[in-house]
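S.K.: attaching a predicted model along with its sequence, questions to come.
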Amino acid sequence: MIVLEKENYFHMIAQHDHAIISRQIVEQWKNHYLLRSKLREEADWAIQQHDRAWIPLDQDPEWNEDKERPYTFVDYPLKKKLSAYQRGIQEVASQSMYAGMLCSMHYASFFSEKDDNPLVQAFLTEEKKRQKDLFASMEMDIPYDVYDLHFRRLQFCDDLSLYVCMQEPGTPKKKEVPWFKEGFRQAFDFAPDGMLANWVDETSVSVDPFPFEYPFSVDIPYRAVSKQEIEEKGLSKAFQETGVSRYTITFIKIE
């Protein structure tokens, strides 16, 4: 769950909804930057499905007593989160081994090999084996530069979607989430130093260099879950009974 705290409510966005926005972003990718193919279709589907692990968790959100707010995808209890990750990866892999491999690579990238937490080490070991097995089971040899490019696209589209979901529209650069202040970590042939996003105003975001065919818009679904409703009914019920609202953000190119 992505959570922004307001005075009287929590602005909550389900992870899978954010992933669908990621897919909408990748659909606008300039065709001459990457030729269309069956493999690209599976890679783009992986982008749409990369957070399906969160679907059951976000249907029944949990309260973080220490922070007095709903758990987010960042601070969600590790054991439950890792278990969900593996379930989600398996669900994706059952439909597309290539997409499953990309999602496994994505989740494994969240953790450091130097992390001495045994849960993390077990997760990384299992996912490395899964990636090796999936790669070996595929019917074609996929060059490293191809699946690495698909992996970087997944991570960029994930990050750009998070950029517009995790922040107040119009946030000035100096107040942005630290992850994004210096731009996005992924480099491409057309953007060897990565890309930088900026809020132009409350409805538009610029991306430079611009990797898309044309400017385009996405609708962001969220629930404004009342703090009073949470106190009276509990978080899960209050969330489920709150209707979905939407706002629109347009990605533009700075001329």
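M.R.: Received it, and whenever you're ready, just let me know what you need.

S.K.: could you point out the helix or strand that follows the longest strand belonging to the chain?
M.R.: Counting residues, the longest strand in the chain under DSSP state E turns out to be strand 216-226. On the C-terminal side of strand 216-226, the closest following helix or strand by DSSP states H and E is helix 227-233.

S.K.: what's the first helix or strand after that following helix?
M.R.: Scanning onward from helix 227-233 (DSSP H and E), the first element met is helix 235-241.

S.K.: for the chain, which segments are assigned as helices?
M.R.: For the chain, the helices defined by DSSP state H occupy 15-26, 38-49, 55-59, 78-95, 97-108, 118-137, 144-165, 178-181, 227-233, 235-241.

S.K.: work out the gap between the fifth one and the centre of the chain.
M.R.: Between the centre of helix 97-108 and the centre of its chain there are 13 Å (CA atoms, centre = their mean, to the nearest Å).

S.K.: and stretch 130-145, how far out from the chain's middle?
M.R.: Distance of stretch 130-145 from the chain centroid (CA atoms, centre = their mean) equals 23 Å.

S.K.: show me what counts as buried in that stretch.
M.R.: By neighbour count on 16 or more other CB atoms under 10 Å, the buried set for stretch 130-145 is Arg130, Gln131, Leu134. Where C-beta positions appear, they are placed from N, C-alpha and C, glycine not excepted.

S.K.: do the same with stretch 100-114
M.R.: So stretch 100-114, judged by 16+ other CB under 10 Å, has buried residues Gly100, Met101, Leu102, Cys103, Ser104, Met105, His106, Tyr107, Ala108, Phe111.

S.K.: reformat these as a markdown table; add pLDDT and distance to Lys6.
M.R.: Rendered in a markdown table, the data for the buried residues of stretch 100-114 read as follows (pLDDT from 0 to 100; distance: CB to CB, whole Å):
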| residue | pLDDT | distance to Lys6 |
| --- | --- | --- |
| Gly100 | 97 | 37 |
| Met101 | 96 | 39 |
| Leu102 | 97 | 35 |
| Cys103 | 98 | 32 |
| Ser104 | 98 | 36 |
| Met105 | 97 | 35 |
| His106 | 97 | 30 |
| Tyr107 | 97 | 30 |
| Ala108 | 97 | 34 |
| Phe111 | 95 | 31 |
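
S.K.: how about the residues you listed, which pair is most distant?
M.R.: When the buried residues of stretch 100-114 are compared pair by pair using CB to CB, the farthest-apart members prove to be Gly100 and Phe111, with a separation of 18.1 Å.

S.K.: now the longest strand of the chain and helix 15-26, what's the angle there?
M.R.: Following axes from the mean of the first three to the mean of the last three CA atoms, to 10 degrees, one obtains 170 degrees for the angle between strand 216-226 and helix 15-26.

S.K.: what packs against strand 216-226?
M.R.: Counting contacts by 3 or more CB pairs under 8 Å, 6 or more residues apart in numbering; DSSP states H and E, strand 216-226 packs against strand 9-13, helix 15-26, helix 144-165, helix 235-241, strand 245-252.

S.K.: no further questions, thank you.
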